[in-house]
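Visitor: return a 3D structure for these sequence lines:
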Amino acid sequence: MRRRSEENSDSHDRWLISYADFITLLFAFFVVMFASSQTDRGKVGEAVRRAFNGEARPRAQTVLGGTVDDFGQGNRMLRGPGGREIYSPVSSADLIPSQAFLNRELAKEIADGKLTIHMEARGMVVSLSEAGYFVSGSDGLSEQGYPVLAKIAETILKTSSPVRLEGHTDAVPISTPRFRNNWELSSARGIATLNAFHNQFNVPLNRMAVTGYADTYPIDSNDTEEGRGKNRRVDIVILSQSGASAEPNAKPHD
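Guide: Just a heads-up that it's a prediction; the model follows:
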């Protein structure tokens, strides 16, 4: 009778083993789902390993005045096949600390009307006015522009999003020995900004693209000098996931 009682007790407790296995698998599943939701897919395996080993979540780090951690916030530079660098765009929410950093560091320039910073669905837009950073009718950057570009470059290097440099002009036609029209001028200013970021501040070329819009995207009226002054600008766009989704995908090559 005693032997039968012990067997019944063992059989009743076996469900605990299955229950424990189920809870462990369910926990691992939610860890994988959480890690997959982050931009940095390379952290998925690390998250699973930590979950099964019972390790704590990585400590937070401070980046540009905001607190971020190792689960996909901050720098997301990955290595692709053959060791090539792959840059993964961040969300618009991830760019808010960067915007706060630039608003603080470039407060004087903003107050002087030399640049504006705002957030759009496509990412964070830093708009440099011609009057503050370019010689009129030229693609030459003024010396006072480099300290500002240094702060913007610092922001770019703290994220992993691609960057688009967009040149804009007013509607007044231009024809010089160097630039036949506003299309060439707007494109050249974008290229000049790209070269400054790369040559002076080591921003990788494969993170940047240049677009010349001439006078096709004004932000103010071209009927007044004040409006035309606002339209002559270079927009530095740190693309969000939404903005980068419209960019062409690079094809792997040897």
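
Visitor: for the protein, which segments count as helices?
Guide: Taking DSSP state H, the helices of the chain run over residues 2-37, 44-53, 96-105, 107-111, 130-133, 145-158, 182-201, 225-231, 241-244.

Visitor: among those helices, show the one with the smallest mean pLDDT.
Guide: Sorting those by mean pLDDT places helix 44-53 lowest, at a mean of 50.

Visitor: can you tell me how far the closest residue in space to residue 149 that isn't next to it in sequence sits from residue 143?
Guide: Of all residues not flanking residue 149 in the chain, residue 196 sits nearest, at 5.5 Å (C-beta to C-beta, 6 or more residues apart in numbering). (C-beta placed from N, C-alpha, C; glycine too.) The gap separating residue 196 from residue 143 is 11 Å, by C-beta to C-beta, to the nearest Å.

Visitor: check residue 188 too.
Guide: From residue 188 to residue 143 the distance is 18 Å (C-beta to C-beta).

Visitor: neighbour count: the two, which is higher?
Guide: Comparing residue 188 with residue 143 by other C-beta atoms under 10 Å, the one with more neighbours is residue 188, at 19 against 8.

Visitor: my read: that one touches residue 141, true?
Guide: No: Residue 188 sits out of contact with residue 141 when judged by C-beta atoms under 8 Å, with a separation of 11.1 Å.

Visitor: now the common contact residues for these two.
Guide: Common neighbours of residue 188 and residue 141, using C-beta atoms under 8 Å, 6 or more residues apart in numbering, do not exist here.

Visitor: residues touching residue 126, list them.
Guide: Contact analysis of residue 126 by C-beta under 8 Å, 6+ apart lists 102, 115, 116, 117, 152, 235, 236, 237, 238.

Visitor: which one of these is nearest residue 137?
Guide: Nearest to residue 137 among the contacts of residue 126, counting by C-beta to C-beta, is residue 235 at 19.2 Å.

Visitor: tally up the residues packed near the closest one, please.
Guide: For residue 235, the count of nearby residues is 21 (other C-beta under 10 Å).

Visitor: my guess is it meets residue 166, correct?
Guide: Yes: at 4.3 Å, residue 235 counts as touching residue 166 under the criterion of C-beta under 8 Å.
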